[in-house]
Structures are given as structure tokens and as C-alpha cells.
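Enquirer: The following block contains a protein sequence and its predicted model.
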Amino acid sequence: MSGDGHISAAAMAAQICDQIRSVFSSPHPPLPPALDVLVAEVSAAANGRVFVHGVGREGLMMKTLCMRLFHLGLPAHVVGDVTTPPISPGDLLLASAGPGGFSTVDAICEVAKSAGARVVLLTARPGSGSGASRCADAVAYIPAQTMADEEEGGAPSQAVRLPMGSLYEGAMYVLFEMAVLRLTEALKQTPAQLRSRHTNLE
């Protein structure tokens, strides 16, 4: 604690990181680890295009992934951008719906599926029965609290408890960074190659 009675920034950061780490240490049978799913699906789609979609803060996290996929040399697009091409067979849609489904995410997944693309759903509720879950060819299960969950008080030792869907969204960011590290190896990319694809219009 600091002198004013507040938890220190270092202790707060440690507790937040511990909560995110717990997401990746949670058992998740019979589903494979989300990291393995993402790496396998993106690697398999290397000859096609990758599209990403999400809403709210989840959508922002999906955009961070799209940026890194582009840096890896993959044709990656954010659904809704004015330059996004039509999705077609051989392409991959990565869609996030932490609570299981959102009306817009469900609709986008259905369009992608009907166009012959492969759909991967990132979610904390794989058994939701949503339109997105029914369209999914694979699921990247992230067992974290989302907006749909009731917020519970933390353990007495936890003075910090992330609100709403922050834990899911923070786990998404960490998951994507791990996936990019694995994909960098799988696609035989170097740091210099990634950097060369970064925009100079800043």
C-alpha cells in the first residue's frame, strides 16, 4: 500500500497480470488451447486472406492482431474497413464474441460461412448456441470473465479486480502476442521483415 492507503502501481500491475495468467492456466478440455488453434488456423490460411471482426473493445483487440498479421506478410483485413475485399473460399474469418455471440458478429460469421470461408470464433462461452458458434469451424476458447458474467468480488488478497470484460480483452492481447511469436517462426519471418512492412505514414 502507498502512504495514502492505495495499492501501489507495481502491486496493481502484478495482480492484473496474475489474473490474465490464470486464464491461460485454466483447464479447457475438450477444446484445444486457444494459442494452438490460432497458430494452426492462420498458418493453414497463409495462401488465402485473413479477415478479423469484433465489436467494442474486443474489436480493438482484433485490429491489433490484424496489424501484426499484416506485418507478418499476410493479406489481413478488418471487416468494415472501406478497402476490405469480399471474403471467399480459402479465406479465414477470425471473429470474437466473448459472451458467445453478438447480433452483428453472428451476422458476419453467417455471411462468411455462406461465402465458403472458414470461421474461427474466439469466445469465453463456446457452448452459447449463438449464430457465430454454429458457424464456427474451430473455437479459440478464452476462459475469462466477459460483460455477460456477473462480477464477483476478488479474494481478500486481491485488491484489484478488472471490471466488465477487461479480463477477456486483456487475455486477447496476450494471446495475440504469443500467436505472433509462434507465427513469426512458422512463417520464417525475421524482425527486420516485420519492421519493413510497418507504415511510414505516421
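Expert: Now that the structure is in, tell me what you want to look at. Numbering: from 1, shown residues only.
Enquirer: got the contact list for stretch 183-202?
Expert: 39, 42-43, 46, 68-74 (C-beta atoms under 8 Å, 6 or more residues apart in numbering). Any C-beta I mention is one placed from the backbone N, CA and C, and that applies to glycine too.
Enquirer: Looking at those residues, which is nearest Ser166?
Expert: Minimum distance to Ser166 across these is 21.1 Å, recorded for Arg68 (C-beta to C-beta).
Enquirer: what about dumping the CA coordinates of the strand or helix carrying the closest one to PDB?
Expert: Using DSSP states H and E, Arg68 sits in helix 56-71. What follows is helix 56-71, C-alpha atoms only, in PDB (Å, rounded to 0.1, in the frame of the first residue of the first chain):
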ATOM      1  CA  GLY A  56     -16.300  -2.700 -28.900                       C
ATOM      2  CA  ARG A  57     -13.000  -3.300 -27.000                       C
ATOM      3  CA  GLU A  58     -12.900  -6.800 -28.400                       C
ATOM      4  CA  GLY A  59     -12.900  -5.200 -31.900                       C
ATOM      5  CA  LEU A  60      -9.900  -3.000 -31.000                       C
ATOM      6  CA  MET A  61      -8.000  -6.100 -29.900                       C
ATOM      7  CA  MET A  62      -8.800  -7.800 -33.200                       C
ATOM      8  CA  LYS A  63      -7.400  -4.800 -35.000                       C
ATOM      9  CA  THR A  64      -4.100  -5.200 -33.100                       C
ATOM     10  CA  LEU A  65      -4.000  -8.800 -34.300                       C
ATOM     11  CA  CYS A  66      -4.800  -7.700 -37.900                       C
ATOM     12  CA  MET A  67      -1.900  -5.200 -37.900                       C
ATOM     13  CA  ARG A  68       0.600  -7.800 -36.800                       C
ATOM     14  CA  LEU A  69      -0.700 -10.400 -39.300                       C
ATOM     15  CA  PHE A  70       0.000  -7.700 -42.000                       C
ATOM     16  CA  HIS A  71       3.400  -7.200 -40.600                       C
END
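Enquirer: which parts of it are buried?
Expert: Buried residues in helix 56-71, counted by 16 or more other C-beta atoms under 10 Å: 57-59, 61-62, 65-71.
Enquirer: now swap in stretch 178-190 and tell me
Expert: Buried-residue list, stretch 178-190, by 16+ other C-beta under 10 Å: 178-180, 182-184, 189.
Enquirer: export the residues you listed to CSV and tack on distance to Phe24?
Expert: Formatted as CSV, the buried residues of stretch 178-190 follow (distance: C-beta to C-beta, whole Å):
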residue, distance to Phe24
Met178, 8
Ala179, 12
Val180, 16
Arg182, 14
Leu183, 17
Thr184, 19
Gln189, 24
